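A.B. asks: Quick one: sequence and predicted model below, then my questions.
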Amino acid sequence: MNYFPDEVIEHVFDFVVSHKDRNSISLVCKSWHKIERFSRKEVFIGNCYAINPERLIGRFPCLKSLTLKGKPHFADFNLVPHEWGGFVLPWIEALARSRVGLEELRLKRMVVTDESLELLSRSFANFKSLVLVSCEGFTTDGLASIATNCRHLRELDLQENEIDDHRGQWLNCFPDSCTTLISLNFACLKGETNVAALERLVARSPNLKSLKLNRAVPLDALARLMSCAPQLVDLGVGSYENEPDPESFAKLMTAIEKCISLRSLSGFLEVAPLCLPAFYPICQNLISLNLSYAAEIQGNHLIKLIQLCKRLQRLWILDSIGDKGLVVVADTCKELQELRVFPSDVHGEEDNIAAVTEVGLVAISAGCPKLHSILYFCKQMTNAALIAVAKNCPNFIRFRLCILEPHKPDHITSQSLDEGFGAIVQACKGLRRLSVSGLLTDQVFLYIGMYAEQLEMLSIAFAGDTDKGMLYVLNGCKKMRKLEIRDSPFGNAALLADVGRYETMRSLWMSSCEVTLGGCKRLAQNSPRLNVEIINENENNRMEQNEEDEGEKVDKLYLYRTVVGTRKDAPPYVRIL
Amino acid sequence: MDEFVNLKETELRLGLPGTDNVCEAKERVSCCNSNNKRALSSDNEKEIESSSRKTETSPPRKAQIVGWPPVRSYRKNNIQTKKNESEHEGHGIYVKVSMDGAPYLRKIDLSCYKGYSELLKALEVMFKFSVGEYFERDGYKGSDFVPTYEDKDGDWMLIGDVPWEMFICTCKRLRIMKGSEAKGLSCGV
């Protein structure tokens, strides 16, 4: 019962920020649902096909910020073909038509065209923030529209997108009157940058806190930019190579020393390691360091830098740091919360180089008591190490271990790694995300089902023996939202055991498993609120009904819950049952 | 069928006349950035080459699996540059050459030369300068220009000090220094 007028309740709701909480309060009663609807400013949609723009706008007409995710996670690894979907244009068109006062748009794994960007830039007078992560389909022409038309732009953040660089003058398109920029990230642009235009833009942006440059911005320009913007908090260095002549280098050092607010450093897309010492003076202030693209910095240079970063909370690095380097991290970075160690040898060409091993992982777990998120690529692992890690770090929220060779056992005992991962899930009661690898039997899934009560996302590759494995997970992990499986022997029995389960999850991905067309059809039959997509790139023509072989294995299955039925924009090789 | 004999000569290719095959494979690899097809044949070519060079005691080459390791394709494509800078994998050793004062850089294939004299002659022609005479102790004399290279450790070295074979393996890029900086180096520092 409401004892307060609506305005008061609305005011209280203003303090409820998280999406989960807002979703919960909207379920309390009709009155709260209504108040919540009209006061909701930010909406997060984890799967753009779960709902459509019309219904979104219908429910939340006062929307200001929208986050949309398109393709499934495995699209990052080229497992989802081009033109599968995830187009943002219909969303922007609908929002524009309805005159929603959109101010912020955040997209991940979506297809964004120049046309969409142009429409976006013209339709929302108060548009302030555009964040694109792992998107594709647009060019610098689209960026030019944004720069030209968004008068109040504060944030343009482009992370790891595939952008066609037309070498235009998009930076020149920011009008002289644009002085509101807080964040500008164009590190992923591959072409030339108009450095002069950039310098002028930075000079007239006193609120600029985050600046991430691309490869084309050379050392001397960096020094000038940093001199203009000593208030920077977050810097992505572009090209850092070339012969540092003493004068430029000295200028850079002076500029860096003045950036006392700098807390986050990234980029180093091309590096001359000899230039790194210029950054030593501010290392003690850094809480975030991303050197994961700096393939040319060798371990010893990395170590020298990291030794100075005593306040580091987040570190993304390449495995060239070695176990030795990780021991240094463990000794130095006592505040470390998140660590990602990426493989420098992504194509598996250098078999003989063991970059990081279980030794480094154990050292980190022992030395960094606040560690809660880890992504670790390595060539070998042992159960003993994982058991030690579990004991040292029971606070993991995210634990992603990728042993580069599929099916690789414990390299000392030659056993499966079931016990090691079992120890992790048993100790880490708050674990929300897990990726497993190496040689694994159904047993590890029994452990996961038994212990991983908070698990929301699980990635499985080349693991398990029978359907039981998948069943353990589906039966046990009640909070599972995203399950993605590849190259594992799970089939129809597991898929069909509890069809209703999938409506409690966002999505399920299974590729190169044992599920058949017949199984998928049966699944789809009684599930109007699920879209069951069969992705079969090898077939250009739709299969005739009477030629179908129900026993045929499905190459890629992607199913997700939705309230709006079958989507209309699927390409011919995607069949929605 | 005489009319078909010389077809190859008239075929449009990328690459210098007289060279064969190579560039096509590279072009294909560079075009596959956002390509979702299974491992291209150029990947297989690399695979076959490296496996034939391995000794018998090393483990069998694992097949290229699509989407493995699970690294974002953006990241995979951008880490590449390390290898592209000095390709030693049999398709020519291309390194950048810069000259102080020149408006743009060039690239040369070190594997085309048999030794230092050939290399230096080629550089002299390319950049229209003269390199002077090399002395083991004193470096290059008789010219304002000094040929240097960056090695794997990131250090700038005088060209000519180490055996040619070692040079090809450790050289990442060349720079023809000029003026006072060059003088410092050439005086046997």
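C.D. replies: The structure has been received and is ready for your questions.
A.B. asks: Distance-wise, check the closest residue to chain B within the stretch 201-350 of chain A relative to residue A:273.
C.D. replies: Closest approach of the stretch 201-350 of chain A to chain B (C-beta to the nearest C-beta) occurs at residue A:295, with a separation of 3.8 Å. All C-beta spots, glycine's among them, are computed from the backbone N, C-alpha and C. When distances are taken as C-beta to C-beta, to the nearest Å, residue A:295 and residue A:273 turn out to be 11 Å apart.
A.B. asks: With residue A:331 instead?
C.D. replies: If you go by C-beta to C-beta, the gap between residue A:331 and residue A:273 works out to 22 Å.
A.B. asks: same check, this time on residue A:466
C.D. replies: Spatial separation of residue A:466 from residue A:273 under the definition C-beta to C-beta is 50 Å.
A.B. asks: Compare neighbour counts for the two and give me the winner.
C.D. replies: More neighbours surround residue A:273 than the other of residue A:466 and residue A:273, with 20 against 16 (other C-beta atoms under 10 Å in any protein chain shown).
A.B. asks: got a list of what the more buried one touches?
C.D. replies: The neighbours of residue A:273, taking C-beta atoms under 8 Å, 6 or more residues apart in numbering or on different chains as the test, are A:296-298, A:301, B:154.
A.B. asks: what's the closest non-adjacent residue to it?
C.D. replies: Closest residue in space to residue A:273, ignoring its immediate chain neighbours: residue A:301 at 4.2 Å, by C-beta to C-beta, 6 or more residues apart in numbering or on different chains.
A.B. asks: Tell me the pLDDT of that neighbour.
C.D. replies: Residue A:301 carries a pLDDT value of 85.
A.B. asks: Do I have it right that it meets residue A:276?
C.D. replies: Yes: proximity of residue A:301 to residue A:276 meets the contact threshold set by C-beta atoms under 8 Å, at 5.8 Å.
A.B. asks: quick one on the thing from earlier: my read: the residue of the stretch 201-350 of chain A closest to chain B touches residue B:79, true?
C.D. replies: Yes: counting by C-beta under 8 Å, a contact exists between residue A:295 and residue B:79, whose distance comes to 5.3 Å.
A.B. asks: Who has more neighbours out of these two?
C.D. replies: Set side by side, residue A:295 and residue B:79 give different neighbour counts by other C-beta under 10 Å, the larger being at residue A:295 (24 against 21).
A.B. asks: So the more buried one belongs to a helix, correct?
C.D. replies: No: in this structure, residue A:295 is coil, not part of a helix, as judged by DSSP: H, G, I helix; E, B strand; the rest coil.
A.B. asks: picking that back up, now the residue of the stretch 201-350 of chain A closest to chain B: how far from residue A:301?
C.D. replies: As it turns out, when the distance is counted by C-beta to C-beta, residue A:295 lies 12 Å from residue A:301.
A.B. asks: Pass me the low-pLDDT residue ranges in the chain, would you?
C.D. replies: As the question left the chain open, I've gone with chain A. Under the criterion pLDDT under 70, the flagged ranges of chain A are A:1-2, A:168, A:241-244, A:347-354, A:538-547.
A.B. asks: my bad, chain B
C.D. replies: Within chain B, the segments meeting pLDDT under 70 span B:1-63, B:80-92, B:179-189.
A.B. asks: 80 instead?
C.D. replies: Flagging of chain B using pLDDT under 80 yields the residue ranges B:1-64, B:78-93, B:111, B:114, B:136-138, B:165, B:169, B:179-189.
A.B. asks: Residue A:211 is in contact with residue A:225, correct?
C.D. replies: Yes: with contact defined as C-beta under 8 Å, residue A:225 reaches residue A:211; the gap is 7.0 Å.
A.B. asks: Looking at the two, which is more packed in?
C.D. replies: Higher neighbour count among residue A:225 and residue A:211: residue A:211, with 29 against 23, using other C-beta under 10 Å.
A.B. asks: Contact partners for that one?
C.D. replies: Going by C-beta under 8 Å, 6+ apart, the list of residues near residue A:211 reads A:183-185, A:202, A:225, A:229, A:232, A:234-236.
A.B. asks: Mind checking what secondary structure it has?
C.D. replies: For residue A:211, the secondary structure call by three-state DSSP comes out as strand.
A.B. asks: Which residue ranges of the stretch 201-350 of chain A form strands?
C.D. replies: Under the criterion DSSP state E, counting those that start in this stretch, the stretch 201-350 of chain A contains strands at A:210-212, A:234-240, A:264-271, A:288-290, A:314-318, A:338-342.
A.B. asks: do the same with chain B
C.D. replies: Secondary structure of chain B, counting by DSSP state E: strands at B:94-99, B:106-109, B:133-135, B:139-141, B:145-151, B:156-158, B:171-178.
A.B. asks: Would you tell me which one of those strands is buried the most?
C.D. replies: Highest mean neighbour count among the strands of chain B (mean count of other C-beta atoms under 10 Å in any protein chain shown): strand B:145-151, with a mean of 23.
A.B. asks: Identify all contacting residues around that strand.
C.D. replies: The list of residues contacting strand B:145-151 from outside it, by C-beta under 8 Å, 6+ apart, reads B:95, B:99, B:120, B:123, B:129-132, B:139-140, B:156-160, B:167, B:170-178, B:182, B:185-186.
A.B. asks: near chain A, which of those residues show up?
C.D. replies: Of the entries in those, the ones placed beside chain A under the rule of C-beta under 8 Å from any C-beta of the partner chain are B:156, B:175.
A.B. asks: The residue nearest to residue A:198 when sequence neighbours are not counted: what's it in contact with?
C.D. replies: Here the nearest residue to residue A:198 in space, its sequence neighbours aside, is residue A:171; by C-beta to C-beta, 6+ apart that works out to 5.3 Å. Shown in contact with residue A:171 (C-beta under 8 Å, 6+ apart): A:147, A:193-194, A:197-198, A:201.
A.B. asks: ok, of these, which one's closest to chain B?
C.D. replies: Lowest distance from chain B to these (C-beta to the nearest C-beta) belongs to residue A:193, with 16.3 Å.
A.B. asks: ok, which residues in the stretch 401-550 of chain A are in contact with chain B?
C.D. replies: Proximity of the stretch 401-550 of chain A to chain B is assessed by C-beta under 8 Å from any C-beta, with A:402, A:404-406, A:435, A:459, A:461, A:486-487, A:537 identified as the residues in range.
A.B. asks: Can you name the secondary structure element that comes next after whatever helix or strand residue A:495 lives in?
C.D. replies: Assessed by DSSP states H and E, residue A:495 sits inside helix A:492-496. Per DSSP H and E, helix A:492-496 leads on to strand A:507-511 as the next helix or strand towards the C-terminus.
A.B. asks: May I see the buried residues of the helix or strand following that following strand?
C.D. replies: For strand A:507-511, the following helix or strand on the C-terminal side (DSSP H and E) is helix A:517-525. If you call a residue buried by 16 or more other C-beta atoms under 10 Å in any protein chain shown, then helix A:517-525 has these buried ones: A:517, A:519-520, A:522-524.
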